[in-house]
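K.L.:
Generate a structure from the sequence data that follows.
(chains A and B)
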Amino acid sequence: MRNYYKEGPASKLFDVFNTIILALIVFLVVYPLWNQLAISFNNNNVAASRNIYFYPKAFTLTNYEFVFTNSSILEGAKVSFLRVIIGTAGTLLCTGLLAYITTIRNFSGRKFMRRVFVITMYFSGGLIPTYLLMVQLKLINTFWVYIVPNLINAYFMLLIASFIQNIPESMFEAARMDGASELQIYFKTVLPICIPVFSAVAVYAAVGHWNAWFDCMIYNADGKWDTLQIILRRLLLEQEAFQKIHNELIAASKFRNLTSEGLRAATTMIVTVPILCIYPFFQKYFISGITIGAVKG
Amino acid sequence: MLLKTNTKKLPVIGYVEKHTKKKMWKRIINERELWIISIILLVWVGIFAYYPMYGVIIAFKKYIPGQSFSQAQWVGLKYFIQFFNSNQFPLVIRNTLAISGLNLLFGFPAPIILALLINEVRRKYWKRFVQTVSYVPHFISWVVVASLIFSFLGNEGLVNTILQSLNITTKSVGFLNEGKYFWGMITAANIWKEAGWGSIIYLSAIAGIDEELYQAGAVDGLGRLGTVWHIILPGISGTIVLLWILGIGDILNAGFEQQLLLGNDLTRDYYEVIDTFAYKYGVQRGIYSYGTAVSLMKGVISVSLVFFTNWFTRKKLDIAAL
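P.N.:
So this is what the prediction gives:
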């Protein structure tokens, strides 16, 4: 923005002050992660190298070696990845289809469908009835409990519908004239056009799936379908979990020096780095997503 | 529009003439593909969204696992009264209001101030860099945040190490094990995680302020600070009030994931909020009806609060969210 006011010396002083404060904020955001990164590369068993600030004092790759060869952690990573990919694809397809239907101007059920789903944004059964539903549907201790209940999201529906409405009707009319079915129109015409809004929704959905841990905890207590987040949580809160993971390879001498801090730090980095790498590229998409959402209320 | 209208009625988009059922059926058959898709979607939403809403009814019943929701025996307000009379009720309410209160007091202004500071940055690349970094914490999970907090505030963590080496304390401070630190810790964590993300909305609101107002302000002799106080803040006041109303309505939602991850038995007296209480009794101890009653009570009060705050601000300030 241009300055319309006069630039005095106080103003320039404020600029310096502002830069310092913002730099401090950037530091506060970045430092905890940096510190964790340093700990993950450190051999924490040696007392002298305990206090890590910016760099590892006793560099080692053992923490990561363990993480990448440990079967329960690898299984967790597999489940997490599967969940993100299948879950995000499912949500995009289903919610996108729903959104498309609510934008077809001549469809008599259009407003009804929209309202039925918008209501779910404001009211819900809550944790316990939902949990009991999963029990009744026999979705407990399955992979699908991560996917099926999340297939449709009313907020995403509003975002996508809002985007589709800005597309000239003629595109769809032309396809309709050619005798294409609505499903064909959806897959051949709507999907390619909607890539920008689908990218925004994909970011939200993927991050949601990657970071989810509570649904795993209450629905999949068996441990068969653990995700990375739940494994990390166990390392956090349950000393026995660390012991169990450690005991598997205690015979192998190179892992003898593992500490829970190092292992936890390495797992934390593995859980965080994929997100950090992806999100800057999708920034403009999710920002536009928020502003559309704000307009719609 | 493709509607056939008679001269008496005005054509309205989506209006279906009611006086001929045959026309309506014909229409539905015409749109059958869309209706088939819709029915499938409706089945999904019926099962996963509306059936649990119906399930809330077990708050008034004595639900035993294995029954369907309708089968359970009616007990009326028994569990609500039980909650009010329980000896944990004051504690749970106190914690909920304290944590939410701190969140509103400190966590609400934080994104606004951040947005104002970022807005004052002249250099484009620094501005974009700060913004991008500021919303990193929003994308990491609470599990990771808890892991970072443990590393910092643990007994052998960074903060304790620094405090001891500067001789401020002789023993480790039990940040994670003593209840009195919990509220401060969770408020700080909430701000760290969400302030950057929250500032996005305010920044886009600021971007929506009419440029002419800035010019007029400069003509009137406003300096930099004056511009902020007299033009920017009033310009985004609508957004601020809207989010404030929603924030008050949310006051009984003092968090859930954070408490479960950051809290432990030693700090239970400070971290137990309504949602964790409902979880403890409802899911962990399997007293489903009790937990549902607690959650339902919270939901009803929250909705009432939103409507009340909305009405109040409409009366007093002429701004409304709903």
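
K.L.:
burial count for residue 209?
P.N.:
Assuming you mean chain A. Other residues near A:His209 number 23, with proximity taken as other CB atoms under 10 Å in any protein chain shown. C-beta here means a position set from N, CA and C on the backbone, and glycine is covered the same way.

K.L.:
oops, I was thinking of chain B
P.N.:
15.

K.L.:
With A:Pro274 instead?
P.N.:
Neighbour tally, A:Pro274, other CB under 10 Å: 17.

K.L.:
B:Ser38 contacts A:Met113, doesn't it?
P.N.:
Yes. Using CB atoms under 8 Å, B:Ser38 is in contact with A:Met113, at 5.7 Å.

K.L.:
Could you list the low-pLDDT ranges of the stretch 101-250 of chain A?
P.N.:
A:238-250 (pLDDT under 70).

K.L.:
go with 90
P.N.:
A:104-109, A:121-127, A:159, A:162-163, A:165-197, A:199-200, A:203-204, A:221-224, A:226-227, A:231-250 (pLDDT under 90).

K.L.:
Please name the residues that touch the one residue in chain B that gets nearest to chain A.
P.N.:
Distance from chain A to each residue of chain B (CB to the nearest CB) is smallest for B:Pro52, at 2.5 Å. Residues counted as contacts of B:Pro52 (CB atoms under 8 Å, 6 or more residues apart in numbering or on different chains) are A:Ser124, A:Gly125, A:Gly126, A:Pro129, A:Thr130, A:Leu132, A:Leu133.

K.L.:
Please repeat the previous calculation with a cut-off of 7 Å.
P.N.:
A:Ser124, A:Gly125, A:Pro129, A:Thr130, A:Leu133 (CB atoms under 7 Å, 6 or more residues apart in numbering or on different chains).

K.L.:
Leaving out the residues flanking it, which one is nearest to the fourth one?
P.N.:
Nearest-residue entry for A:Thr130: B:Pro52, 4.7 Å, with adjacent residues in sequence omitted and distances by CB to CB, 6 or more residues apart in numbering or on different chains.

K.L.:
for the second one, same thing?
P.N.:
In this structure, A:Gly125 finds its nearest non-sequential neighbour in B:Pro52, 2.5 Å apart by CB to CB, 6+ apart.

K.L.:
where's that neighbour relative to B:Asn310, distance?
P.N.:
Counting by CB to CB, to the nearest Å, the separation of B:Pro52 from B:Asn310 is 26 Å.

K.L.:
again, but for A:Leu158
P.N.:
21 Å.

K.L.:
And A:Ile20, by the same measure?
P.N.:
Distance from A:Ile20 to B:Asn310, by CB to CB: 40 Å.

K.L.:
repeat for A:Lys138
P.N.:
42 Å.

K.L.:
Compare those two (neighbour count), which wins?
P.N.:
B:Asn310 (20 against 10).

K.L.:
Which other helices and strands does the strand or helix carrying the more buried one contact?
P.N.:
Using DSSP states H and E, B:Asn310 maps to helix B:288-317. Under the contact definition 3 or more CB pairs under 7 Å, 6 or more residues apart in numbering or on different chains; DSSP states H and E, helix B:288-317 sits against helix A:127-136, helix B:78-85, helix B:233-249, helix B:274-279.

K.L.:
and among these, the most buried is which?
P.N.:
helix B:274-279 (a mean of 24; mean count of other CB atoms under 10 Å in any protein chain shown).

K.L.:
helices or strands next to that helix in the packing?
P.N.:
For helix B:274-279, the packing partners by 3+ CB pairs under 7 Å, 6+ apart are helix B:89-102, helix B:288-317.

K.L.:
Please enumerate residues in contact with that helix?
P.N.:
Everything outside helix B:274-279 that qualifies as a contact, by CB under 7 Å, 6+ apart, is A:Leu127, B:Gln88, B:Val92, B:Thr96, B:Leu252, B:Phe256, B:Gln259, B:Leu260, B:Gly291, B:Val294, B:Ser295, B:Lys298.

K.L.:
Contacts only, for the residue of the stretch 1-150 of chain A found nearest chain B.
P.N.:
Per CB to the nearest CB, A:Gly125 is where the stretch 1-150 of chain A lies closest to chain B, at 2.5 Å. Residues in contact with A:Gly125 (CB under 7 Å, 6+ apart) are B:Pro52, B:Met53, B:Gly55, B:Val56.
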